[in-house]
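A.B. asks: fold the following.
(one chain, ligands or ions: 1)
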Amino acid sequence: MITCDSSVQLPFQSGAHGLECDGVSVQSIVESVGTPAYIYSASAIRDAYRAIDDAFSAYPHAIHYALKANSTLALARLLKALGSRADANSAGEIEVALRAGFAPRDVVFTGVGKTGAELDYAIARDVNAINAESAGELDRIADRARAAGRVARVALRVNPDIDARSHPNISTGLRSNKFGVALQDARGIYRDRRDVKSLQFVGVHVHIGSQITTAEPLRRAAETLTTLALELRDDGVPLEHVDLGGGLGIAYEGRPMIVPSEYAAAVLPELRRANIPVVLEPGRAVVGHSGALVSRVVDVKQYPDGRKFAVLDSGMTELMRPALYGSFHRILPVSPRQTAETPWDVVGPICESSDVFARERLLPDLCVDDLVAILDTGAYGAVMASNYNRRMLAPEVLVDAGSWAVIRRRQTIDDVLALES
Ligand SMILES: Cc1ncc(COP(=O)(O)O)c(C=O)c1O
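C.D. replies: Numbering: from 1, shown residues only. All right, here's what the predicted structure looks like:
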């Protein structure tokens, strides 16, 4: 049995007929949809969402699932049905949220470089909060809202200079990062604009990074934001919410990991100092464990020094995280194998040396046509896929209550070329 910490039971487990997702044979799914394919467990998403919701049940809170982690419509609808709201990072993600059934007031809109068109769109829809990244952006929102005869609901994203102790490429709360305004400037920015008629300040926002594995940086972010919210209250800027962003990590390697109850225990004492409702924007912690990318071995080779490669039919075009940040994903053969485990380099088919899923990973013998599952790929997997090498986007399948459905079909060359003249 594969477990990663005491609170998480992974949906992909070996059964009598090979790897299963919540009891459904992975092989039988890919026999129908082909490879590569993403397979997600609905129950894993529900469990992960509820674990966060339960952890914060003693405090007024709203979970705005971060669509950037995985915004496939069916998953967005599933989260909506659970009571989630949405965090969108582009006009496209706002549109996905609305089409999935979220109301505009369910949506917070974050993003480092929002275009004028995106701001107009968010203002016109009257989203719950536009999380502004700079004083200049706040002023542009004010001007555009005034021109549209509207009042924009806004929050300011603060950069608290806190080290999330995550991978540098997904740390966003340090002064060296491009995100938000310096903490010492935030109070003045609010004060200078509190009488602007086309702005309604509803919150403060922070997001210090992703795949955060310890509670202390999250506690410090909550402490900083609560202190700022209290100062703003003194300045006559009462807020509706404090938005702590996302960032909760998951156990990719099966090591002990911060769980939602520990996260809540760390931040709630800070939040209670102001007693303002909290907004949370988890992405990875909601969908990360739910997915696997199932691929077929298309070539196997061995160098004279003994190094062995298994080349898959998926690569950085389907799952970019290993090439982008050297991230670790567990890899399992779909059919049970009795052979001894030896080191394998598991690689993709793309002509880039970074197109590697795992180096010297202990695996049983792999042969051409074998199926393997790359685990914990529900977050930042399918959403980051590309058509590089004119490869088609893989299909996505959702397993729920013993049956499965294709929630996004495989892209075809005609889909891709339809955009070209
Ligand atoms: C503003 C914001 N909110 C939420 C998230 C979701 O983060 P995570 O998936 O780590 O929970 C991100 C991701 O980087 C983000 O940039």
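
A.B. asks: who touches the nearest residue in space to Pro60 that is not next to it in sequence in this structure?
C.D. replies: Distances taken as Cβ to Cβ, 6 or more residues apart in numbering place Pro277 nearest to Pro60, at 3.9 Å, with adjacent residues excluded. For the C-beta atoms, the positions are set from N, CA and C on the backbone; glycine is no exception. Going by Cβ atoms under 8 Å, 6 or more residues apart in numbering, Pro277 touches 59-62, 240-242.

A.B. asks: repeat for Ala132
C.D. replies: Applying Cβ under 8 Å, 6+ apart, the residues contacting Ala132 are 138, 141, 154-157.

A.B. asks: taking these together, which two end up most distant?
C.D. replies: Longest distance between any two of those is 12.6 Å, between Ile141 and Arg157; criterion Cβ to Cβ.

A.B. asks: in a helix, Arg50, correct?
C.D. replies: Yes - per DSSP: H, G, I helix; E, B strand; the rest coil, Arg50 lies within a helix segment.

A.B. asks: that one: neighbour count?
C.D. replies: The tally of other residues near Arg50 (other Cβ atoms under 10 Å) stands at 14.

A.B. asks: with the one 10 residues further on instead?
C.D. replies: Using other Cβ under 10 Å as the criterion, Pro60 is surrounded by 11 other residues.

A.B. asks: so it sits against Val279, correct?
C.D. replies: No - counting by Cβ atoms under 8 Å, Pro60 stays clear of Val279, with 10.1 Å between them.

A.B. asks: wait, what's in contact with the closest residue to Pro238 other than its chain neighbours?
C.D. replies: The spatially closest residue to Pro238, leaving aside those adjacent along the chain, is Leu232, at 7.6 Å (Cβ to Cβ, 6+ apart). Residues in contact with Leu232 (Cβ under 8 Å, 6+ apart) are 187, 190, 201, 204, 238-239.

A.B. asks: do the same with Asp139
C.D. replies: Going by Cβ under 8 Å, 6+ apart, Asp139 touches Arg193.

A.B. asks: where in the chain is pLDDT low?
C.D. replies: 1-8, 164, 167-174, 176 (pLDDT under 70).

A.B. asks: residue nearest the centroid of it?
C.D. replies: By Cα atoms, centre = their mean, the chain has its centre lying nearest to Ala69, at 2.4 Å.

A.B. asks: just give me the neighbour total for the residue nearest to it when sequence neighbours are not counted.
C.D. replies: Excluding the flanking residues, the one nearest Ala69 by Cβ to Cβ, 6+ apart is Gly283, at 2.9 Å. Per other Cβ under 10 Å, the neighbour tally for Gly283 reads 26.

A.B. asks: quick check: phi and psi on Gly283?
C.D. replies: Dihedral pair for Gly283: phi -120, psi -70, per degrees, to the nearest 10.

A.B. asks: re earlier: restricted to strands, list the contacts of Leu232.
C.D. replies: Among the contacts of Leu232, the ones falling in strands (DSSP state E) are 201, 204.

A.B. asks: just the closest of the contacts of Leu232 to the ligand, please.
C.D. replies: Proximity of the contacts of Leu232 to the ligand was ranked by Cβ to the nearest ligand atom; the top entry is Val204 with 13.0 Å.

A.B. asks: looks like that closest one contacts Pro160 (just checking).
C.D. replies: No - between Val204 and Pro160 there is no contact under Cβ under 8 Å: 10.4 Å.

A.B. asks: of the two, who's got more company?
C.D. replies: Taking Val204 and Pro160 together and counting by other Cβ under 10 Å, Val204 has the greater number of neighbours (27 against 20).

A.B. asks: for the more buried one, which residues count as its bridge partners?
C.D. replies: Note on Val204: beta-bridge partners by DSSP bridges are Leu156, Val242.

A.B. asks: i'd like the first residue to be 478 from this point on
C.D. replies: All right, first residue 478 from here; so that's Val681.

A.B. asks: residues in contact with it?
C.D. replies: 632-633, 635, 663, 702, 705-706, 709, 716, 719-720.
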